[in-house]
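Chemist: any chance you can model this:
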Amino acid sequence: MKAPSNRDFVRQSNVSFTQPRRLRSFWQVIHIDPILLAGLLALCGFGLFVLNSATGGDAETIARQAGTMGIGLVVMCAVAQFDIQFYRRWAPTAYVLALLILGLVLVIGVEKNGAKSWLDLPGLPSFQPSELLKFIVPMLLAWYLASRALPPNLKHVFWAGVFTLLPAALIVLQNDMGTALMVTMSGIFVVLLAGLRWRVVFAGIFAALIASPAWYLFLAQPHQKNRILTFFDPYRDPTGAGYNIIQSQIAIGSGGVYGKGYGNGAQSHLDFIPESNTDFILAVLAEEFGLIGVLVLIALYLFVIIRGARIALTASDMFGRLLAGSITLTFFLYLFVNMSMVSGLLPVIGLPLPLISRGGTAVVTLFIGFGLLMSIQTHRVTRPAR
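Modeler: The predicted structure is shown next:
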């Protein structure tokens, strides 16, 4: 019997090491990050579970939300197929088109819930174009800053501010302060991640604090002033502006540690919470599942956020790092603001709880952002790091 040669050992070792590569390359071929996908699917399932109780088992609403999530997953997979450099090249064009669409909304937009931020075109479902700016703005800023010396100097910070505040101002004109805030913060995150010096950060915070009284006195609308006053004292108008937050706090407090049980929330099922399946759905979760249920939701969110942060840290170029970091931080800000708003720690500004609240455009837009994260993660092996 012939003794095996060194070449045979090499051939055998290549076979043994090929198997795990095939397993990894499957996800790379379809450009999907399985870890992030698992977290998103868990969040979607948990969201439908809570929404079913919040709507009293309304099968039509649940089916519509599940369909929207399905569309979002398909869009996410489609977005992930393109190399992130494709989005880098088209970022300026997408930004200009988005500004034109925002201007169109001001002319022919449809008003819903007090905000004229919807387009209802013939043959198309109504949608909210301002949601798209939550990733188009950071994409443009990442394109602008990634090709320049970092940390950014004051000139670059100035133009980044212009690129961010221009669409935010158009959204403010639509009377949608919540979305304007998120778009602004998505741009600020890119500048911060680019290495903005701390003295500039502190100077900006100080300037904002100094300017806030002037904004409140001369620029704030009456309903905005009312929201701020209600934040400090919801009982000043317990049956009007403070009603939602008072009922939400009652629901959260009555849930205790373990909650009242699935479908047994009195505040939501007796219609004490008007927005129980949208902005204030966290109150339904807290009342029925208590602190334990809220901690489970936070754990799912942290799983997705940590994965997003990991993708940002391992991105192969500065553009990918800045974009992935901004998308991840904006997602975190979404849930932080909603949870703080529902519990009375921040003024009510009308932001849904991501992937839990009932929604359409906002849900699909979130999945577009996750598709960009997957593109950054799955395409990075084909390009050398720099």
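Chemist: contacts, neighbours, all on C-alpha from now
Modeler: OK.
Chemist: for this structure, longest helix please?
Modeler: helix 281-313 (DSSP state H).
Chemist: in terms of secondary structure, what does it contact?
Modeler: Judged by 3 or more Cα pairs under 8 Å, 6 or more residues apart in numbering; DSSP states H and E, the packing partners of helix 281-313 are helix 34-54, helix 243-255, helix 318-342, helix 361-379.
Chemist: go again with 6 Å.
Modeler: With contacts defined as 3 or more Cα pairs under 6 Å, 6 or more residues apart in numbering; DSSP states H and E, helix 281-313 has these neighbours: helix 243-255, helix 318-342.
Chemist: centre of the chain versus the last one, how much separation?
Modeler: So the one you mean is helix 318-342. 6 Å (Cα atoms, centre = their mean, to the nearest Å).
Chemist: at the geometric centre of this structure, which residue do we find?
Modeler: Central residue of the chain (Cα atoms, centre = their mean): F331, 3.4 Å from the mean position.
Chemist: want to throw the helices and strands packed on helix 281-313 into TSV with distance to A38 and mean pLDDT?
Modeler: Listed next are the helices and strands packed on helix 281-313 as TSV, based on distance: least, Cα to Cα, whole Å; pLDDT from 0 to 100:
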stretch	distance to A38	mean pLDDT
helix 243-255	29	89
helix 318-342	16	95
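Chemist: just those helices: most buried one?
Modeler: For the helices and strands packed on helix 281-313, average neighbour numbers computed from mean count of other Cα atoms under 10 Å are highest in helix 318-342, which has a mean of 23.
Chemist: what's in contact with that helix?
Modeler: With contacts defined as Cα atoms under 6 Å, 6 or more residues apart in numbering, helix 318-342 is touched by 139, 142, 146, 186, 189-190, 308, 312, 315, 346-348, 351, 353, 373.
Chemist: which residue is the nearest non-sequential neighbour of A42?
Modeler: L300 (7.3 Å; Cα to Cα, 6 or more residues apart in numbering).
Chemist: typed the wrong thing, it's L181
Modeler: Excluding the flanking residues, the one nearest L181 by Cα to Cα, 6+ apart is A168, at 7.4 Å.
Chemist: hmm, back to that, just the contacts of helix 318-342: which are in helices?
Modeler: Applying DSSP H to these, the entries found in helices are 139, 142, 146, 186, 189-190, 308, 312, 373.
Chemist: need the max-distance pair from these.
Modeler: Taking Cα to Cα, the two most distant members of the ones in helices among the contacts of helix 318-342 are A146 and G308; they sit 19.2 Å apart.
Chemist: ok, those two, which is more surrounded?
Modeler: Per other Cα atoms under 10 Å, whichever of A146 and G308 has more neighbours is G308, with 24 against 20.
Chemist: residues near V29, how many?
Modeler: For V29, the neighbour count with other Cα under 10 Å is 11.
Chemist: quick one: the strands in the stretch 1-150 of the chain, in order.
Modeler: Secondary structure of the stretch 1-150 of the chain (DSSP state E, counting those that start in this stretch): strands at 110-112, 115-118.
Chemist: any idea which of the ones you listed gets closest to A94?
Modeler: Nearest to A94, of the strands of the stretch 1-150 of the chain and by Cα to Cα, is strand 115-118 at 18.6 Å.
Chemist: just give me how far the closest one sits from the chain centre.
Modeler: Relative to the chain's own centre, strand 115-118 is displaced by 19 Å; criterion: Cα atoms, centre = their mean.
Chemist: ditto for stretch 340-359
Modeler: In this view, stretch 340-359 has its centroid 12 Å away from the chain centroid, taken as Cα atoms, centre = their mean.
Chemist: buried stuff in that stretch?
Modeler: 341-344, 346-359 (16 or more other Cα atoms under 10 Å).
Chemist: quick one: low-confidence ranges for the protein?
Modeler: For the chain, the stretches with pLDDT under 70 are 1-25, 123, 381-386.
Chemist: now with 50, please.
Modeler: For the chain, residues meeting the criterion pLDDT under 50 lie at 1, 6-7, 9-23, 382-386.
Chemist: ok, which stretches of the stretch 151-300 of the chain are helices?
Modeler: Using DSSP state H, counting those that start in this stretch, the helices of the stretch 151-300 of the chain run over residues 154-173, 177-193, 198-214, 222-232, 243-255, 266-269, 281-313.
Chemist: including distance to L104, could those go into a markdown table?
Modeler: Putting the helices of the stretch 151-300 of the chain into a markdown table (distance: least, Cα to Cα, whole Å) gives the following:
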| stretch | distance to L104 |
| --- | --- |
| helix 154-173 | 10 |
| helix 177-193 | 17 |
| helix 198-214 | 30 |
| helix 222-232 | 25 |
| helix 243-255 | 33 |
| helix 266-269 | 38 |
| helix 281-313 | 32 |
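Chemist: which among those is found nearest to P129?
Modeler: Across these, closest to P129 is helix 154-173 (Cα to Cα), at 9.6 Å.
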